[in-house]
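Participant: here's a sequence, model it:
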Amino acid sequence: MEEEKKLVVLFPGRNYSCDKPLLYYAGQVFRTRGYDVIRLNYNTILKGDKENVEGLIDEAWPYVRDQLAKVDFSAYRDIVFVSKSMGTTLAGRAEEHFNIIVRHIFLTPIKSALKYMRTGRCIVIAGKNDKMLEERRLRIYAAQENIALKQFDDVGHSLECFDDISVTFAILMVIVRMYNEF
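Facilitator: Numbers count the residues shown, from 1 in each chain. Below is the predicted model:
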């Protein structure tokens, strides 16, 4: 009997590559669970204004579309997209474009990703001090849409506590545990 294939795709943020802890460990966790892993890397091609996130998303989209067009999604029984920041919108756009059913882990999503969050198919992880998407707006949206949300106190968009590295490691451990349970 042929083994059922599983896939995880990692969508980085503007200044957050797949080699940084949140995405690196996501790839490791899912790989050990038998998933094929695709790590997208569009940051090297971005030439636009680094402060114009929506413009960068539009700039990265052709790369994402072309890379994922090479994937036979029908070969996989489970597909997970793990995305960070601007990658959250790109992941949602990819699911819609390829007309596939995906489970999402949205790490520090931005406003334009809200429309891609679906009940029962995603979890959202953010810092309560995230300036890219206000904590209250995200909390209310998640409650209205019945979306699983984990928000960490005293950290922002990076999910790091710059004053205490042990807090950052504790947050990372909680998130890695969430990867294992997803």
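
Participant: helix/strand/coil for the most centrally placed residue in the chain?
Facilitator: Closest residue to the average C-alpha location of the chain: Ser83 at 1.4 Å, with CA atoms, centre = their mean. Under DSSP: H, G, I helix; E, B strand; the rest coil, the three-state class of Ser83 is strand.

Participant: ok, now how distant is it from Val9?
Facilitator: 8 Å (CB to CB, to the nearest Å). From N, CA and C alone the C-beta is placed, and that goes for glycine too.

Participant: could you name every residue contacting both of those two?
Facilitator: Ala91 (CB atoms under 8 Å, 6 or more residues apart in numbering).

Participant: low-confidence ranges in the chain?
Facilitator: The chain contains residues with pLDDT under 70 at 1-2.

Participant: confirm Arg77 sits in a strand?
Facilitator: Yes - membership of Arg77 in a strand is supported by three-state DSSP.

Participant: residues contacting it?
Facilitator: By CB under 8 Å, 6+ apart, the contact set of Arg77 is Glu4, Lys5, Lys6.

Participant: with Phe30 instead?
Facilitator: Phe30 is in contact with Lys6, Val8, Val37, Val80, Val82, Tyr179, counting by CB under 8 Å, 6+ apart.

Participant: got CSV for the residues you listed, with secondary structure too?
Facilitator: Converted to CSV, the contacts of Phe30 look like this (three-state DSSP):
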residue, secondary structure
Lys6, strand
Val8, strand
Val37, strand
Val80, strand
Val82, strand
Tyr179, helix
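
Participant: okay, strands next: where are they in the protein?
Facilitator: Here the chain has its strands, by DSSP state E, at 5-11, 35-39, 76-84, 103-107, 122-127, 148-152.

Participant: so can I have TSV of those showing distance to Leu159?
Facilitator: TSV is the format used below for those (distance: least, CB to CB, whole Å):
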stretch	distance to Leu159
strand 5-11	16
strand 35-39	19
strand 76-84	9
strand 103-107	7
strand 122-127	5
strand 148-152	6
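
Participant: Asp19 is nearest to which of the ones you listed?
Facilitator: Set against Asp19 and scored by CB to CB, the strands of the chain come closest in strand 35-39, at 8.3 Å.

Participant: so which bits of that closest one are buried?
Facilitator: Neighbour counts using 16 or more other CB atoms under 10 Å place Tyr35, Val37, Ile38, Arg39 of strand 35-39 among the buried residues.

Participant: can I get these in CSV including distance to Leu114?
Facilitator: CSV is the format used below for the buried residues of strand 35-39 (distance: CB to CB, whole Å):
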residue, distance to Leu114
Tyr35, 26
Val37, 26
Ile38, 24
Arg39, 25
